[in-house]
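> Quick one: sequence plus predicted model below, questions after.
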Amino acid sequence: MAKPGATGIKRIINATGYSIRGLTAAIKHESAFRQELALVAVLTPLAIYLGQDNIERSILIGSLLLVLIVELLNSAIEALVDRVGHEHHELSGQAKDMGSAAVFVSLANVVIMWGIIIFT
């Protein structure tokens, strides 16, 4: 059974608006996202310069964008856990810790991809 709501181009327009609201909220409320966004802004031109071909440039830039994606998901997890309740619960802590670990792994991915491309 299909969900009720807009379809076709109207759905795409609505989804774009929701995405912009999410990005705006992340920029406004999440300092980690702002820091990572600044890192992407600084490193993207460097990736274009350092990449020897479009594949290397894609890997360098893609690894940076992955950090932003994972940070958005981590922020969503944290917001949901906080919405459920602020009292300490083991599963809430695990959810937040795993989200944080995902960001850490995505940052490690940047270091590895950039290291392989720059130093080999």
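The structure has been received and is ready for your questions.
> dump the residue contacts of the residue sitting nearest the centre point of the chain.
In the chain, the residue lying closest to the centroid (CA atoms, centre = their mean) is Ile69, at 2.0 Å. Taking CB atoms under 8 Å, 6 or more residues apart in numbering, we find Ile69 in contact with Ser106. Every residue, glycine included, has its C-beta placed from N, CA and C.
> Spell out which helix or strand contains it, please.
helix 54-84 (DSSP states H and E).
> so what does the next helix or strand after that helix touch, helix or strand wise?
Scanning forward in sequence from helix 54-84 by DSSP H and E, the next helix or strand is helix 90-119. If you count contacts as 3 or more CB pairs under 8 Å, 6 or more residues apart in numbering; DSSP states H and E, helix 90-119 packs onto helix 31-50, helix 54-84.
> Nearest approach to Tyr18 belongs to which of those helices?
Comparing the helices and strands packed on helix 90-119 against Tyr18 with CB to CB, the closest turns out to be helix 54-84 (12.3 Å).
> buried set for that closest one?
Residues of helix 54-84 classed as buried by neighbour count (16 or more other CB atoms under 10 Å): 56-57, 59-61, 63-64, 66-68, 70-72, 74-75, 77-78, 81.
> my guess is Arg34 contacts Ile27, does it?
Yes: the pair Arg34 / Ile27 is scored as a contact, 6.1 Å apart, by CB atoms under 8 Å.
> which stretches of the protein have low pLDDT?
1-2 (pLDDT under 70).
> 90 - rerun?
The chain contains residues with pLDDT under 90 at 1-6, 85-88.
> got the contact list for the nearest residue to Ala102 once chain neighbours are set aside?
Closest residue in space to Ala102, ignoring its immediate chain neighbours: Val70 at 5.1 Å, by CB to CB, 6 or more residues apart in numbering. For Val70, the contacting residues are 102-103, 105-106, by CB under 8 Å, 6+ apart.
> Same check on Met113?
Shown in contact with Met113 (CB under 8 Å, 6+ apart): 59-60, 63.
> How about Arg57?
47-48, 51.
> go on, Ile77?
Going by CB under 8 Å, 6+ apart, Ile77 touches 95-96, 98-99.
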